[in-house]
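*Asks:* output the structure for:
(chains A and B)
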Number of protein chains: 2
Amino acid sequence: MPAPGDFEVVETAIPTPREGQVLVRNSFISVDPYMRGRMNDQKSYVPPFQLGETLTGGAVGEVVVSQSPNHKPGDFVFSNFGWRQWYVADAAEVQHIDPSLGPIQSYLGALGMTGLTAYAGLLEVAELKGGERVFVSAASGAVGAIVCQIAKAKGCYVVGSVGSDEKAAYLKNETGIDRTINYKTCEAPQDLTQAVAAAFPEGIDVYFDNVGGAHLQAAIANMRPFGRIAACGMISQYNATEPTPGPNNLVNIVGMRLTLRGFIVGDHLALRLDFLRDMAQWVKSGKMKWRETIASGIDKAPEAFIGLFKGEHIGKMLVQVG
Amino acid sequence: MPAPGDFEVVETAIPTPREGQVLVRNSFISVDPYMRGRMNDQKSYVPPFQLGETLTGGAVGEVVVSQSPNHKPGDFVFSNFGWRQWYVADAAEVQHIDPSLGPIQSYLGALGMTGLTAYAGLLEVAELKGGERVFVSAASGAVGAIVCQIAKAKGCYVVGSVGSDEKAAYLKNETGIDRTINYKTCEAPQDLTQAVAAAFPEGIDVYFDNVGGAHLQAAIANMRPFGRIAACGMISQYNATEPTPGPNNLVNIVGMRLTLRGFIVGDHLALRLDFLRDMAQWVKSGKMKWRETIASGIDKAPEAFIGLFKGEHIGKMLVQVG
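*Replies:* Numbers count the residues shown, from 1 in each chain, chains lettered A, B, ... in the order given. As a prediction, this is how the structure comes out:
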């Protein structure tokens, strides 16, 4: 588990933008579970963070100085420059965002990569069809809560697993899913399997996995034939100091003809326009809402990040830095 | 593990075929690992065997009496009537086989469901592309040896895992695969992972899984991005008396965007004509050979079946009953 002492806030001079560059003041930065993987020294889909270098990741801010015809002061932009209050970048490294669709920080969450992760995982990776039975873990989290609402918008039966009664109440009241499971009331893995069985008398068509471990085992035990599992993340494993055994029922994958498919959002950027079009419509019709948990001050970023693994937040975790 | 005492040979009168029926004398019956699953009292893609009833499964035999215009005495037919020397069936329950393509018993193996399992798993489930890097477990078994040769025919780099040096020599000499691993020389799961890593310096594109367990873990540790795993069987798990933990590295499925997909051949029968066309061509060009291990006498069927889990055979295990 990362500790606040692993991080350092450093002051440095702000460079002057050259021709073709912009100076941006960040408003919000994103902290995400996938960043934990970048803290391991291993090959993965993104290279590991380097000690002593600034953490990169999603951020939204305002252009203050522009030496590019494509941007003007006051424009809001998204970038991957991460955990900084200010930065200078080539114009092509920042993307305009449209504040009329939602507050600018929602481009780090529901309207950004977080929302696209839910959309791509459910519709493209798991090939969700209307009316199917959908199970979502970490269902009150940034991705999970969007998954729940997309599945509801598609006319599905949706059950979400969460870690507190407060989160369960939020999901029931604000996203309209059908049932919730508080997994912390399940002492043994088989209790969770039974709770999932009780919530899905006809079995699960699609499981959107954010956590792995006992949840994955419980889902596999309850999948319908030809069920699909979109493996978005396995947060239960990220801080493990030793490899932990996987589900004891993988043999079901054969007999039930299940598909377990891992994905990362970066492979699905071609869906972005469809995603924004659908999200705009769902927001307008009241089918899509989201919550944010916002920490204030760049010095609070480490705590906010570490908090992701404690599961005390609801919705997207953000840090307001300007 | 099943024991010979769990089985009984019973004599009964042969019924007389009525209008539209045939009387068949079986020549060979098939014993297959999937039958072990049917000995558990649980819901699966085929219903469990019932105590005191004859085991069903693939069989080939000769029509002796026909009351149907579709069959004449001397015709060779395939059926699913299984472990019997004689049976009466409706004409529609038996299928003609063509002895010019191969000996009739090969319709229980390379030219039958066994071969189609290899073909469908590799080409349809794992979406194999020419030139990819392919890992096969239980590679000298009935399905595995066909998988190896289809992959070689598609120009792939192929490594097979087997349980003895004799099987390794057979595979190298008769199927022309690139490398073999004798997994019994690997004491710990991580030794197998290292042996697989050494055999695949560039990683694995497709893993054809017949065994599960440590092999699945070793494959997952060595998959290339977007790699596919066709889960055909998990024989290492079939006789477990307690659930056994799964691979400890499933989190790789996310970061490497892997697909693990279970299948059973019965969902892929639409490929049958393509399969027979391709097999005929591969047989003719010398790219497809197979071995059989044949037990003699229906009283030897239990031993032959139990032998599947001891791994002492090479190729397809058959019982000659007539």
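*Asks:* now for A:Gln95, how many residues are close by?
*Replies:* 12 (other Cβ atoms under 10 Å in any protein chain shown). C-beta here means a position set from N, CA and C on the backbone, and glycine is covered the same way.
*Asks:* give me the nearest residue to it, chain neighbours excluded.
*Replies:* A:Phe78 (4.7 Å; Cβ to Cβ, 6 or more residues apart in numbering or on different chains).
*Asks:* residue contacts, the spatially closest residue to A:Arg36 that is not a sequence neighbour?
*Replies:* Closest residue to A:Arg36 apart from its sequence neighbours, by Cβ to Cβ, 6+ apart: A:Tyr238 at 4.4 Å. Contacts for A:Tyr238 (Cβ atoms under 8 Å, 6 or more residues apart in numbering or on different chains) come out as A:33, A:36-37, A:309, B:251.
*Asks:* could you list which of the residues you listed belong to helices?
*Replies:* Within the contacts of A:Tyr238, residues falling in helices by DSSP state H are A:36-37, A:309.
*Asks:* going through those residues, which ones are buried?
*Replies:* A:36-37 (16 or more other Cβ atoms under 10 Å in any protein chain shown).
*Asks:* quick check, nearest of the ones in helices among the contacts of A:Tyr238 to chain B?
*Replies:* A:Gly37 (6.5 Å; Cβ to the nearest Cβ).
*Asks:* from chain B, how far out is the residue nearest to A:Gln95?
*Replies:* A:Phe78 sits 23 Å away from chain B, going by Cβ to the nearest Cβ, to the nearest Å.
*Asks:* per-domain residue ranges of chain A.
*Replies:* Here the domain assignment for chain A is A:4-109+A:291-320, A:113-266, based on automatic domain parsing.
*Asks:* widest-spaced pair of the contacts of A:Tyr238?
*Replies:* Using Cβ to Cβ, the pair of the contacts of A:Tyr238 lying farthest apart is A:Phe309 and B:Val251, separated by 14.3 Å.
*Asks:* wait, the residue nearest to A:Gln95 sits on A:Glu62?
*Replies:* No - shown here, A:Phe78 and A:Glu62 do not form a contact pair, counting by Cβ atoms under 8 Å, at 11.4 Å.
*Asks:* tell me which of these two has more neighbours.
*Replies:* A:Phe78 (21 against 16).
*Asks:* now the phi/psi pair for that one, please.
*Replies:* Backbone torsions for A:Phe78, taken as degrees, to the nearest 10, come to phi -100, psi 140.
*Asks:* repeat that for A:Ala153.
*Replies:* According to degrees, to the nearest 10, A:Ala153 has phi -60, psi -30.
*Asks:* got a pLDDT number for the residue lying closest to A:Gly266 once chain neighbours are set aside?
*Replies:* Once flanking residues are discounted, A:Gly266 sits nearest to A:Tyr45: 7.2 Å by Cβ to Cβ, 6+ apart. On the pLDDT scale, A:Tyr45 is placed at 72.
*Asks:* tally up the residues packed near A:Tyr45, please.
*Replies:* A:Tyr45 has 16 neighbouring residues, counting by other Cβ under 10 Å.
*Asks:* host element of it?
*Replies:* Assigned by DSSP states H and E, A:Tyr45 belongs to no helix or strand.
*Asks:* separation between it and A:Gly233?
*Replies:* Distance from A:Tyr45 to A:Gly233, counting by Cβ to Cβ, to the nearest Å: 13 Å.
*Asks:* so what's the residue of the stretch 1-150 of chain A found nearest chain B up against?
*Replies:* Going by Cβ to the nearest Cβ, chain B is nearest to A:Ser44 of the stretch 1-150 of chain A, at 4.7 Å. By Cβ under 8 Å, 6+ apart, the contact set of A:Ser44 is A:37-38, B:255.
*Asks:* pull the distance from stretch A:234-245 to the chain's centre.
*Replies:* Computed by Cα atoms, centre = their mean, to the nearest Å, the chain-centroid distance of stretch A:234-245 equals 18 Å.
*Asks:* now it: average pLDDT?
*Replies:* pLDDT averaged over stretch A:234-245 gives 83.
*Asks:* pull out the buried positions in that stretch.
*Replies:* So for stretch A:234-245, counting by 16+ other Cβ under 10 Å, buried means A:234-238, A:244.
*Asks:* and what of stretch A:269-278?
*Replies:* Neighbour-count burial for stretch A:269-278, with 16+ other Cβ under 10 Å as criterion, is recorded at A:271, A:275-276, A:278.
*Asks:* please convert those residues to TSV, extending it with distance to chain B, secondary structure and pLDDT.
*Replies:* Below are the buried residues of stretch A:269-278 laid out as TSV (distance: Cβ to the nearest Cβ, whole Å; DSSP: H, G, I helix; E, B strand; the rest coil; pLDDT from 0 to 100):
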residue	distance to chain B	secondary structure	pLDDT
A:Leu271	15	helix	98
A:Phe275	19	helix	97
A:Leu276	23	helix	94
A:Asp278	23	helix	97
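*Asks:* which one among those gets closest to B:Gly115?
*Replies:* A:Leu271 (38.9 Å).
*Asks:* contacts only, for that closest one.
*Replies:* A:116, A:119-120, A:123-124.
*Asks:* of the residues you listed, which is the nearest to A:Tyr207?
*Replies:* After measuring the contacts of A:Leu271 against A:Tyr207 - Cβ to Cβ - the closest member comes out as A:Leu123, at 14.7 Å.
*Asks:* that closest one contacts A:Ala153, doesn't it?
*Replies:* No - between A:Leu123 and A:Ala153 there is no contact under Cβ under 8 Å: 10.8 Å.
*Asks:* for the stretch 51-200 of chain A, what lies in contact range of chain B?
*Replies:* Residues of the stretch 51-200 of chain A that fall close to chain B, judged by Cβ under 8 Å from any Cβ of the partner chain: none.
*Asks:* helices along the stretch 51-200 of chain A, start to end?
*Replies:* A:113-119, A:142-153, A:165-170, A:189-199 (DSSP state H, counting those that start in this stretch).
*Asks:* what's the weakest-modelled helix or strand in chain A?
*Replies:* Within chain A, no helix or strand scores below helix A:34-37, which has a mean of 91 by mean pLDDT, DSSP states H and E.
*Asks:* what sits up against it?
*Replies:* Counting by Cβ under 8 Å, 6+ apart, A:2, A:44, A:46, A:49, A:55, A:57, A:233, A:238-239, A:264, A:305, A:308-309, B:255 sit against helix A:34-37.
*Asks:* return the member of the contacts of A:Tyr238 nearest to A:Arg224.
*Replies:* Nearest member of the contacts of A:Tyr238 to A:Arg224, counting by Cβ to Cβ, is B:Val251, at 24.9 Å.
*Asks:* so who does that closest one touch?
*Replies:* Contacts of B:Val251 (Cβ under 8 Å, 6+ apart): A:212, A:234, A:237-238.
*Asks:* try 10 Å
*Replies:* With contact set as Cβ atoms under 10 Å, 6 or more residues apart in numbering or on different chains, B:Val251 has these partners: A:37, A:212-213, A:231, A:233-238, A:240, A:243-244, A:246, A:262, B:220.
*Asks:* pLDDT below threshold where in the stretch 51-200 of chain A?
*Replies:* The stretch 51-200 of chain A contains no residues with pLDDT under 70.
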